[in-house]
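Colleague: got a sequence here, can you build the structure:
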Amino acid sequence: MFYRGYGDVGDGREMGSKRQRVMDPGSSFYGTSPGSSFMYNPPPYSYIGQPPPFPVVRLRGLPFDCSEADIVEFFHGLDIVDVLFVHKNGKFTGEAYCVLAYPLQVDFALQRNMQNIGRRYVEVFRSKRQEYYKAIASEVSDSHGGSPHRSVPRAKSSDDGKDLAEHTGVLRLRGLPFSAGKDDIMDFFKDFELSEDSIHITANAEGRPTGEAFVEFVNAEDSKAAMRKDRMTLGNRYIELFPSSHEELNAAVSRGRLNVSSKPKSSDEGKEFAEHGGVLRMRGLPYSAGKDDILDFFKDFVLSEDSIHFTFNSEGRPTGEAFVEFASAEDSEAAMAKDRMTLGSRYIELFPSSLEELNEPASRRR
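Modeller: Take a look at the predicted model:
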C-alpha cells in the first residue's frame, strides 16, 4: 500500500487506512509516500446527488512474475494507492486490483487496456469497491491460516532453490513498500549489525523506487541467518528475501539503478551544481495539468503561456513533463526552490535544462 489517508470519501485515499486495519491492525508503518501527495487537492466532480465512484480497476492477463513495480510502471503518471494481486489456492491467477487516488484517473487507466507488460498484453476493466473488498477478505482469510507473519504467496515466488543457494553476505529484498527507507530496513533486520551504507535501495530509470533493495551483511553466516525473515512483514507487506552476491549488487550499480538516499527520491545529486540557462524541466505533472496550473505554481515569477511547453508521446498523450522558459538564468535558479513541492495531488521535480534540450522534443511539444 502506497498512501495512507482518512475519511469516508469516494476516492481511494481512505483505503490506505482501511486495508491497513484489515491486514495488520497494530501497524502504523505507513505515512505519506514520496510518490503521492503531501497535500491532496481533490478535483471538482460533476456527480450530482451521489458520491463519486470508488477508483479501482481490475487487471487480467498479468505475467506470473509480475510485481507491484511493474503495475506502477504500467500506469506511469497515475497515483497508485494500492495493488492487490489475486490468488487461488495459494497460486497467482494473473489478475490484480489497482486502487487509484481519485475517480478521474480511472479513465486514464482504462486507456492502458490491451497494452503490454513484458510479452503479455493486459486487459483493464472498471471494478467496484465491493469486488475489491471481497478480494481483500479472501487474502486476509488465507493469510490468517498460518502464523501471524505468513502472507499469501505472491507472483514470482517459485524459488525452491533458496535453501540450497550459496551465501556470500548479500541478500536481495523484494516487495518493499515504495515509501520504505533505509531506517525501515535496518529495523526489519534489527537482530543484525547493519549500517545505512550497507543498504542499497534500487530505483528505475526515472529515480523512482522499484520495491527492491540489496543488503550487505557482515559475513555469509549473517546473511544466511537473516533468511529466517523471508516472507515476514514490513508494515503490512510481506518481504521476499533471496541470496545474492556482490556481482549482482555491482551490476545494479553499473546500470545506475541504486537509489542511495535514506528515503527514496530521484537520483539527481548534481542539481544544485548544474549551470542554469533560464530553462527548467518539470517532471511528475498531473496529466490534467494546464498552463494556468504551471503559471500558478510559479506565481512568484514573470511567465507567459508561450513560455510553457508540455511534452506528449507518439499518441498525443501527455507525458507528465514540461519545459518552462524564465526571464533569466537567475530566475530559473531561484525557481528551483519549488523543487518537490506539490501541484494538485502530485509532487513536482524540477531539473535545470537548456534551450537545446527544450528544442530536442519539439516534434512532441504543444
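Colleague: secondary structure element for the residue nearest to residue 71 when sequence neighbours are not counted, which one?
Modeller: The shortest distance from residue 71 to any residue that is not its chain neighbour, by Cβ to Cβ, 6 or more residues apart in numbering, is 4.9 Å, and that residue is residue 83. Any C-beta I mention is one placed from the backbone N, CA and C, and that applies to glycine too. Assigned by DSSP states H and E, residue 83 belongs to strand 80-88.
Colleague: neighbouring strands for that strand, and are they parallel or not?
Modeller: In the sheet, strand 80-88 lines up against strand 91-100 (antiparallel) (DSSP bridges).
Colleague: packing partners of whatever helix or strand comes next after the partner strand?
Modeller: Sequence order places helix 104-110 as the next helix or strand after strand 91-100, per DSSP H and E. Judged by 3 or more Cβ pairs under 8 Å, 6 or more residues apart in numbering; DSSP states H and E, the packing partners of helix 104-110 are strand 56-60, strand 91-100, strand 120-126.
Colleague: chain center to the first one: distance?
Modeller: In this view, strand 56-60 has its centroid 17 Å away from the chain centroid, taken as Cα atoms, centre = their mean, to the nearest Å.
Colleague: helices and strands around that strand, which ones?
Modeller: Right, strand 56-60 is packed against strand 91-100, helix 104-110, strand 120-126, helix 129-143 by 3+ Cβ pairs under 8 Å, 6+ apart.
Colleague: strand partners (parallel or antiparallel) of it?
Modeller: Here, using DSSP bridges, strand 56-60 pairs with strand 91-100 (antiparallel), strand 120-126 (antiparallel).
Colleague: hey, which of the helices and strands packed on strand 56-60 is tucked in deepest?
Modeller: Most buried of the helices and strands packed on strand 56-60, by mean neighbour count (mean count of other Cβ atoms under 10 Å): strand 91-100, with a mean of 20.
Colleague: tell me the bridge partners for residue 240.
Modeller: Here residue 240, judged by DSSP bridges, has bridge partners residue 174.
Colleague: for burial, what's the neighbour tally of it?
Modeller: Residues near residue 240, counting by other Cβ atoms under 10 Å, number 21.
Colleague: quick check, it in contact with residue 232.
Modeller: No: the criterion here is Cβ atoms under 8 Å, and residue 240 misses it with residue 232 at 10.0 Å.
Colleague: quickly find the element holding residue 277.
Modeller: Counting by DSSP H and E, residue 277 is found in no helix or strand.
Colleague: can you check the pLDDT for the closest residue to it other than its chain neighbours?
Modeller: Counting by Cβ to Cβ, 6+ apart, residue 354 is the residue found nearest to residue 277 once chain neighbours are left out, at 4.5 Å. Listed pLDDT for residue 354 reads 88.
Colleague: can you give me the neighbour number for residue 354?
Modeller: Burial of residue 354 is recorded as 16 neighbouring residues (other Cβ under 10 Å).
Colleague: quick check: phi and psi on it?
Modeller: phi -150, psi 170 (degrees, to the nearest 10).
Colleague: how about the strands in the stretch 101-250 of the chain?
Modeller: Ranges of strands in the stretch 101-250 of the chain, per DSSP state E, counting those that start in this stretch, are 115-117, 120-126, 170-174, 199-203, 209-216, 233-234, 237-238, 240-243.
Colleague: among those, which is nearest residue 342?
Modeller: strand 209-216 (18.8 Å; Cβ to Cβ).
Colleague: just the CA atoms of stretch 70-86, as CSV, please.
Modeller: What follows is stretch 70-86 as a C-alpha-only set of coordinates in CSV (Å, rounded to 0.1, in the frame of the first residue of the first chain):
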residue,chain,number,x,y,z
ASP,A,70,5.5,-3.4,-12.9
ILE,A,71,2.0,-2.3,-12.2
VAL,A,72,3.2,1.2,-11.2
GLU,A,73,5.3,1.4,-14.3
PHE,A,74,2.3,0.2,-16.4
PHE,A,75,0.2,3.1,-15.0
HIS,A,76,3.1,5.6,-15.2
GLY,A,77,1.9,9.0,-14.2
LEU,A,78,-1.1,7.9,-12.2
ASP,A,79,-1.3,8.0,-8.4
ILE,A,80,-1.4,4.4,-7.2
VAL,A,81,-2.9,3.8,-3.8
ASP,A,82,-2.8,0.1,-3.6
VAL,A,83,-2.1,-3.0,-5.7
LEU,A,84,-3.7,-6.3,-4.7
PHE,A,85,-2.7,-9.5,-6.5
VAL,A,86,-5.4,-12.2,-6.7
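Colleague: run the chain-centre distance for it.
Modeller: Mean-position distance between stretch 70-86 and its chain equals 7 Å (Cα atoms, centre = their mean).
Colleague: where does pLDDT dip in the stretch 1-150 of the chain?
Modeller: 1-51, 141-150 (pLDDT under 70).
Colleague: hmm, 90 instead?
Modeller: Scanning the stretch 1-150 of the chain for pLDDT under 90 picks out 1-53, 63-70, 72-73, 76-83, 86-94, 101-104, 116-121, 133-150.
Colleague: what about residue 63, distance to residue 211?
Modeller: 16 Å (Cβ to Cβ, to the nearest Å).
Colleague: neighbour count winner among these two?
Modeller: The neighbour comparison of residue 63 against residue 211 (other Cβ under 10 Å) goes to residue 211, with 22 against 17.
Colleague: hmm, that one is touching residue 71, no?
Modeller: No: the pair residue 211 / residue 71 is not scored as a contact, 10.2 Å apart, by Cβ under 8 Å.
Colleague: run a quick neighbour tally on residue 119.
Modeller: So residue 119, with other Cβ under 10 Å, has 6 neighbours.
Colleague: can you tell me the closest non-neighbouring residue to it?
Modeller: Closest to residue 119 by Cβ to Cβ, 6+ apart is residue 63, at 7.5 Å.
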